[in-house]
Every structure is written in C-alpha cells, then in structure tokens.
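[1] coords please:
(chains A, B, C and D)
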Protein chains: 2
Amino acid sequence: MTKSNSIQEILIVEDQHLMRLALVQEMQAALPLSIVHATATMTSALEQLRRVPFALVVIDPGLPDYDPRSENDRMTVIKTIVERSPTAIHIVITGSDSEKEWEACRTMGVAGYIAKNSLKPGTMSTILERISDHGYCVGIMHETSVAPEIYHTALSPREQEVLAWMMQRPAGVSRKEIYDQLGEHMSIDAASAERYYKRAKAKLLKSGQLPDSL
Amino acid sequence: MTKSNSIQEILIVEDQHLMRLALVQEMQAALPLSIVHATATMTSALEQLRRVPFALVVIDPGLPDYDPRSENDRMTVIKTIVERSPTAIHIVITGSDSEKEWEACRTMGVAGYIAKNSLKPGTMSTILERISDHGYCVGIMHETSVAPEIYHTALSPREQEVLAWMMQRPAGVSRKEIYDQLGEHMSIDAASAERYYKRAKAKLLKSGQLPDSL
DNA sequence: TCAAATAGGGACAAGGTTGTCACTTTTGCG
DNA sequence: CGCAAAAGTGACAACCTTGTCCCTATTTGA
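    Numbering: from 1, shown residues only, chains lettered A, B, ... in the order given. Below you'll find the predicted structure:
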C-alpha cells in the first residue's frame, strides 16, 4: 500500500557522481513533485527497474564495465535499459554525441538525446516540454557561451545571478535596463533586482573582493 | 589597487555546464575564501590566464574544437594551459582517464589527475590536502558505490543526508549507532541527527512518499 | 543646469534551515 | 507482564534568503 499514488518516479543512470547529483537537481527543479532515484552501475540500474515502475529514465551510456568509445557497448546499455522499462520515457544524456547515435536511439524509442555540453542549468523543463509536445527533443547545439563566469562564496544565489547578468552587460546599455530584464526574468520587482545588485557589491567590498568590472 | 589581497583565485576550465557548476561548488566548499572563475572554451581560458594570476587551475581536456579521443589534442590543451600559468597548481579532471596520460601530465608539472567518476562530492578538500602534503594526487579508483540513491524534493539537504545514511544501514546495526556516526560526521549532536531522521520521515509520510525501507 | 541615473545605505516581514530541548507513544523481549 | 530501548511529536531560538519599501548623496548627460 506504500506506493500506488500518482507521484512520478524518475531514474537517473550516470556514473559520474557530480554529474549524477547535478542531473538529480535539474530534474527536481523541473518536476518538483517527483521522486528521483539515481544509480551508477548497470546492475544496480536493472535492479531498480525491476522494483520500481519508472515514468522517466535518464541514461548516460558511458557506464563502468562498458567502453564509452565502443558504439556497440553504448547501444547495448541503452537498449537493455529501454527494453526493461517499456512504459517509460527515455532520455539519453551523453558526453560524446553523434547524429548517427541519435538515429539509432530513435529507432528504439528514445525520446530525448542531449549532449552534456549543451545541457544548461534550468533547461530540463524545456526539454520535457518539447518531448511532450513533439514526441522528441535533441540538443546538440554547441553554442559554447563565451562569457567567463565568476563565483563568490559570500554571495547568495540571487546575488550571484544578478551580478552575473550585470557583468555581461554590453557597453552602452544602462544598468536600469538590466534591472528591468532581471525583474522580468525572475518575476520580481526591478527595484528589488537593483537592491540585490547593491547588496552584492556591498558584500564584495566588505570582504575585499571587488572585481575589475565594479 | 582592487586586487593584491591574499584571496586565492581559481580557474575551472570545463565545457559541460552542469559539471562546471558542480566543480565550482566543490571548490567553494573546499576553499571558502576563494574566488572561482569558470569558463568553457580554450580561447576564453587563455584570455583569463592572461588577465588574472590564478593560484589553482582545474582542467578538463575535452574542450570544444579539440577531439577528446585524440591523445594529442588532450595533451595540447593541458600543455598550453600549464605553460601559460607556470606558478599555479594544476589539476586535470577527466572523463576518460588512463595511467599513461597521468604519466604524461606529471612530467609537465600537473599535480592532480582525477577521474570524473571517482570524484565524489566533498572530496575536493582531501585532494587539495594530498597535493600539499605529497605534491600530487591521483584518483582513478573506480569503486562505484552500489547503493542506489533516492532524492525527495520535500526534504532539506540535512534531512536528505541523514536519510541517505540511514538507508545504507547494514542489517544488524541499530539506528542509534548511525545517529552517533552522523553526529560525528557533521559535528552535531547525535540526538539532533535523530531528530532530522524523524522529521524527514514525517515529511515523507505527510506527502505520501514513504519508501519501502521505512 | 536640472533631471535622470548611479551609488550607498537601513529596515522589515515571511519563510526555510539548523541545531536543541523536552515529552509521549510504541515496540521488543526477557 | 513490565520495562527499557526505540520511535514519533511539538516547540523554539538563531540564522540566512527573498522580496519590498524608503532614504540620501554623487555623477552624468542632454
């Protein structure tokens, strides 16, 4: 009687700890009502698939005991998992993507094929939307953001974000315009965004870490 | 006059957004006084190296415009970055590690060589310690934790952590012993750890998500 | 030169997290 | 049965984050 409610169960199969954690967080942000399971090996993944009726499975084909360079091994991983969870939606997230591999995945029912270096924080909900709208979603656009990022320990997430936007401000754009954009982007008052920027600067000043672009 | 204080500047070169963010967080946790810069491309990295005197540089050799499978390209990336930051400590973090590559890295002055799937959250401080103690640190131990993880959105980080420990409790070990371990691990009262566990269970009960191992 | 933009603050309510304390109810089991 | 160990709750202070409101100097630019 413990299960049988309508909460979605999600499985993430990824061998790199940090990436696994990041994927979990992205999923939780995109589907706040879900329970996210995560595992690092094929055997453990199959074990989980046997026990739990997952609605969504995320697969990284580069697992231990399988050669990530062997197209054969990679497809074996994907195929095995897809076969053992026929009712689930499948998303492949890979470090080395190829058009050919996506074709192969599609024929076996995979809905999403995303390159790791095109997967940005906060994008997961868009991916899921596209899958439910068009039936599939491919993300292989290597647009590689050029702007370097700076992170200060003393700042809260909001302050970080506001500062990041401000530092990317193109010449000739007033700060006020950025505040407006920010306000709209995170649906708060533009004045509040301004306040965040000022608090961020104050903190950096106090801790003696004001960057060149102050 | 803006810089010239003793705050450490760190550069992270990694093309996968999520991994880059994760590495930033690990670094911030290990070195709370640092300023962490992060970038995704070689050109941007070289730009940063020219501007800022970094004390520590983290490199993922698999960058855009370089073939991650070509040993030659990988070493070019590493060599170029090391040469342009002679005074910094260098750590290579790679998705596909090899003993041979580590040898090559060592001869050019790289201090750390860590496989991505052996890099666990919270390990960064240990890595840095070992580097400062022994001069180098290699992490290629593929111990692949077997235990599947479960993440519930409703729980706070502490509650997550306590629950994770409890779910890995070997048969025959009393909960109390786990509380003690936890208390020591996160330097709080064992009784508080107990309280966390209980609150976590209460939350899961209320939201109807109690797992099988209740 | 006068208005708009920028810089620098103080204060506050609402809500979540962390770490404690004290108290009640259920179990297990000799 | 009876009692100790284990499990389940309520409350709370300290702290941080978020989003607001309001106030005053200084700089800039049309």
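
[2] how about the residues of chain A that lie near DNA strand D?
    A:Ser156, A:Pro157, A:Arg158, A:Glu159, A:Met186, A:Ile188, A:Asp189, A:Ala191, A:Ser192, A:Arg195, A:Tyr196 (Cβ under 7 Å from any atom of the strand). In this view, the C-beta of every residue, glycine as well, is placed from N, C-alpha and C.

[3] residues near the third one, how many?
    Under the neighbour criterion other Cβ atoms under 10 Å in any protein chain shown, A:Arg158 is assigned a count of 16.

[4] secondary structure element for it?
    According to DSSP states H and E, A:Arg158 maps onto helix A:157-167.

[5] and that helix, how far out from the chain's middle?
    With Cα atoms, centre = their mean, to the nearest Å as the basis, helix A:157-167 stands 19 Å off its chain's centre.

[6] Quick check: closest non-adjacent residue to A:Lys120.
    Computed as Cβ to Cβ, 6 or more residues apart in numbering or on different chains, the closest residue to A:Lys120 that is not its neighbour in sequence is B:His17, at 4.8 Å.

[7] Now for the one you found, how many residues are close by?
    As a burial measure, B:His17 scores 22 neighbours (other Cβ under 10 Å).

[8] Give me the angle between the longest helix seen in chain A and helix A:157-167.
    When chain A is parsed with DSSP state H, its longest helix is helix A:190-206. Per axes from the mean of the first three to the mean of the last three Cα atoms, to 10 degrees, the angle that helix A:190-206 makes with helix A:157-167 is 90 degrees.

[9] Report the buried residues of helix A:190-206.
    Neighbour counts over helix A:190-206 (16 or more other Cβ atoms under 10 Å in any protein chain shown) mark A:Ala190, A:Ala193, A:Glu194, A:Tyr196, A:Tyr197, A:Ala200, A:Lys201, A:Lys203, A:Leu204 as buried.

[10] One more: stretch A:12-30?
    By 16+ other Cβ under 10 Å, the buried positions in stretch A:12-30 come out as A:12-28, A:30.

[11] and these, which of them are in helices?
    Using DSSP H, the buried residues of stretch A:12-30 in helices are A:17-28, A:30.

[12] For A:Arg106, report the pLDDT, please.
    As predicted, A:Arg106 sits at a pLDDT of 95.

[13] Do any residues in the host helix or strand of it lie close to chain B?
    Taking DSSP H and E as the definition, one finds A:Arg106 inside helix A:99-107. No - using Cβ under 8 Å from any Cβ of the partner chain, helix A:99-107 stays clear of chain B, coming no nearer than 14.3 Å.

[14] export that helix as PDB, just CAs?
    Output of helix A:99-107 as PDB, limited to C-alpha atoms (Å, rounded to 0.1, in the frame of the first residue of the first chain):
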ATOM      1  CA  GLU A  99      24.000  12.300 -35.200                       C
ATOM      2  CA  LYS A 100      24.300   8.600 -36.000                       C
ATOM      3  CA  GLU A 101      23.800   7.500 -32.400                       C
ATOM      4  CA  TRP A 102      20.700   9.700 -32.100                       C
ATOM      5  CA  GLU A 103      19.300   7.900 -35.200                       C
ATOM      6  CA  ALA A 104      19.900   4.600 -33.600                       C
ATOM      7  CA  CYS A 105      18.400   5.700 -30.300                       C
ATOM      8  CA  ARG A 106      15.300   7.000 -32.000                       C
ATOM      9  CA  THR A 107      14.500   3.700 -33.700                       C
END
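
[15] Contacts for that helix, please.
    Helix A:99-107 is contacted by residues A:Glu71, A:Arg74, A:Met75, A:Ile78, A:Val92, A:Thr94, A:Tyr113, A:Tyr136, A:Val138, A:Ile140 when judged by Cβ atoms under 8 Å, 6 or more residues apart in numbering or on different chains.

[16] hang on, the earlier thing: show residues contacting the helix holding A:Arg158.
    Residues outside helix A:157-167 that contact it (Cβ under 8 Å, 6+ apart) are A:147, A:149-152, A:155, A:175, A:178, A:181-182, A:185-186, A:193, A:196-197, A:199-201, A:203, A:211, A:213.

[17] Also near chain B: which of the residues you listed, exactly?
    Restricting these to those touching chain B (Cβ under 8 Å from any Cβ) yields A:Ala147, A:Glu149, A:Ile150, A:Tyr151, A:His152, A:Pro211.
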